[in-house]
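*Asks:* Attaching a predicted model along with its sequence, questions to come.
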Amino acid sequence: MWELGIVNPSQIATAQINPAPDGTNTQITPNGNVFNINGGRQSGDGANLFHSFQQFGLTQGQTANFISNPNLRNILGRVVGGDASIINGLIQVTGGNSNLFLMNPAGIVFGTNSRLNVPAAFTATTATGIGFNNNWFSAAGDNNYAQLVGNPNSFAFTNTQPGGIVNLGNLAVREGQNLTLLGGTILSTGQLSAPGGNITVAAVPGENLVRISQPGNLLSLEVQPQSAAGSLPQNWVLPVVSLPQLLTGGGGSATGVTVNSQGQVELTDSDTKVKMGISL
């Protein structure tokens, strides 16, 4: 038997936050264990702020602090380096009431010590692009940020096998806000909480488009083939981490994930098990 390396994310020394050298102008200012995230590029209407990271990860006790202002409605960050995001600390937004979106097609893991302190909605996704009507905030390549106006309303999963999301922590948003996890495969043995709001957890097959709307207080999610889109984000050509790799930190020989009759997660071709909290 070999143990799940990801169950103890503090062992992963590579968790860090680095801006991508792609002209997005994301600025990271460390202050002890707090990484203040400023700069970035704004949309033409000034309501959306975009960041680009080469790597995005946190070890226990670290904080990623996204700096907002009262005029920002949404903050969106992409991770472009091809490494999964291992998050075992606090993600927060200060200075405004912005929604926060984190996009990493390679995969996202929320460790046992991961937490949220965000004033509005939070979305984590392994999509390859976040849509603003017919324009895309693409996870790869250049973006025309001035055109990305209004609210995000779609997510493109253009890979054949989209990346997975694992939640081992306690992710909670404030009263009346929404919490959304969108990936190729979702596994949660932790807690998800959105009192008075909506929790959306969706496993999206590859080469599909997800459209989200919220008429009144009812959240609507529609999955369509990507051919239904008038345009698509740029292709993601870097590695995508499988769910077994996320669970094991890349080690071992597991090839898949199943749930046995005792409610335990088992890795196929391995005798490793992990106790089940919530499986989605």
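*Replies:* Received it, and whenever you're ready, just let me know what you need. Residues are numbered from 1 along each chain as shown.

*Asks:* what helices or strands is the longest strand seen in the chain leaning on?
*Replies:* The single longest strand within the chain, with elements called by DSSP state E, is strand 48-56. With contacts defined as 3 or more Cβ pairs under 8 Å, 6 or more residues apart in numbering; DSSP states H and E, the packing partners of strand 48-56 are strand 17-19, strand 26-31, strand 41-42, strand 74-79, strand 85-87. Every C-beta, even on glycine, is put in place using the N, C-alpha and C of the backbone.

*Asks:* For residue 39, list the residues it contacts.
*Replies:* If a contact means Cβ atoms under 8 Å, 6 or more residues apart in numbering, then residue 39 has 19, 25, 26, 27, 51 as its contacts.

*Asks:* So which of those residues is the closest to residue 240?
*Replies:* residue 51 (21.2 Å; Cβ to Cβ).

*Asks:* Show the pLDDT at the closest one.
*Replies:* pLDDT for residue 51: 98.

*Asks:* Bridged to it, which residues?
*Replies:* residue 77 (DSSP bridges).

*Asks:* thinking it is in contact with residue 78, fair?
*Replies:* Yes - using Cβ atoms under 8 Å, residue 51 is in contact with residue 78, at 7.3 Å.

*Asks:* quick one, whatever helix or strand residue 66 lives in and strand 74-79 angle?
*Replies:* Per DSSP states H and E: residue 66 is located in strand 63-67. With axes from the mean of the first three to the mean of the last three Cα atoms, to 10 degrees applied, the angle from strand 63-67 to strand 74-79 works out at 130 degrees.

*Asks:* Please find the angle between the direction vectors of strand 63-67 and strand 26-31.
*Replies:* Going by the same axes, to 10 degrees, strand 63-67 makes 130 degrees with strand 26-31.

*Asks:* what about the closest residue to residue 135 other than its chain neighbours, neighbour count?
*Replies:* Among residues not flanking residue 135 along the chain, residue 147 sits closest, at 4.6 Å (Cβ to Cβ, 6 or more residues apart in numbering). Counted with other Cβ atoms under 10 Å, residues neighbouring residue 147 total 14.

*Asks:* Next: residue 161.
*Replies:* 13.

*Asks:* correct me, but it touches residue 240?
*Replies:* Yes - proximity of residue 161 to residue 240 meets the contact threshold set by Cβ under 8 Å, at 6.1 Å.
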